[in-house]
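>>> my questions are about this predicted structure, shown below with the sequence.
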Amino acid sequence: MEEFHQLATCQGVEATMTRAHARSVQELRNTVKETLLIGKDSSSTTSKRTSIIVASYSRVALGQTGDGHYSPVAAYHAATDSVLILDVARFKYPPYWVSLEQLYEAMIPVDGKLQQSRGWFVLTTSSSSCSEEEAENRRPAKLVPLAGEPDICPLGTVKVQYCKASHTRLKTSVDS
């Protein structure tokens with residue numbers, strides 16, 4: 001989960017990571033309801049924050065093949081207390097509904113590699129519509145290493161080649 005958190009941060013996304021063992025199913029429910037309602041007020045003319053939830057869970061706990069998995073939560077159905085999972089492995093599982101309780105329980109098993117439970121992320125950007133340049137400028141340049149510096153971002157190779165912020169920093173360091 002820490003790597004996912006870092007990858008999101010490297011893309012300029014505000015990521016809040018929550019481990020399931022430290023929270024209750026009610027806290028997950030509240031987070032789902034609050035997050036899926038952000039930005040839905042069409043009467044507002046102010047800049048909207050766009051948020052999504054990504055669940056990190058054990059497929060085994062849901063009776064599926066494989067184990068650790070990440071997928072976005074797309075919707076909440078209050079009458080059945082269920083969430084719609086948009087499985088990112090569409091070739092394997094189409095989108096499906098699962099009870100919030102079952103999803104929470106699938107987050108509890110300890111990840112064998114890290115010896116911690118899985119959980120969820122709330123990923124937030126400041127605006128859902130911006131130009132390519134504005135999106136690029138949102139990326140935290142401090143995470144883009146200068147040539148020869150150690151790479152602190154898992155996407156460092158890509159970012160050094162393609163991130164406009166890194167080119168600006170490289171020009172500045174060469175020119176001075």
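Sure, I can see it.
>>> what residues sit buried inside stretch 59-68?
R59, A61, L62, Q64, G68 (16 or more other Cβ atoms under 10 Å). The C-beta positions use only the backbone N, C-alpha and C, and glycine is treated the same way.
>>> can I get the residues you listed in JSON lines with pLDDT and distance to Y104?
Formatted as JSON lines, the buried residues of stretch 59-68 follow (pLDDT from 0 to 100; distance: Cβ to Cβ, whole Å):
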{"residue": "R59", "pLDDT": "90", "distance to Y104": "15"}
{"residue": "A61", "pLDDT": "91", "distance to Y104": "10"}
{"residue": "L62", "pLDDT": "89", "distance to Y104": "11"}
{"residue": "Q64", "pLDDT": "86", "distance to Y104": "16"}
{"residue": "G68", "pLDDT": "88", "distance to Y104": "16"}
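>>> okay, and which of the residues you listed map to strands?
Mapping the buried residues of stretch 59-68 onto strands (DSSP state E) picks out G68.
>>> format the buried residues of stretch 59-68 as TSV; extra columns: distance to Q115.
What follows is the buried residues of stretch 59-68, written out as TSV (distance: Cβ to Cβ, whole Å):
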residue	distance to Q115
R59	19
A61	17
L62	21
Q64	22
G68	13
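>>> inside helices: which ones of the buried residues of stretch 59-68?
Secondary structure defined by DSSP state H assigns none of the buried residues of stretch 59-68 to helices.
>>> how about the helices in this protein?
2-10, 25-37, 100-107, 132-138, 156-162, 164-175.
>>> which residues does the second one contact?
In this case it means helix 25-37. 18, 20, 51-53, 73, 75-76, 81, 83, 100-101, 103-104, 107, 120, 122 (Cβ atoms under 8 Å, 6 or more residues apart in numbering).
>>> those in strands, which ones?
In strands, judged by DSSP E, the following of the contacts of helix 25-37 are found: T18, S51, I52, I53, V73, A75, Y76, V83, W120, V122.
>>> which of these count as buried?
Using 16+ other Cβ under 10 Å, the buried ones in the ones in strands among the contacts of helix 25-37 are T18, S51, I52, I53, V73, Y76, V83, W120, V122.
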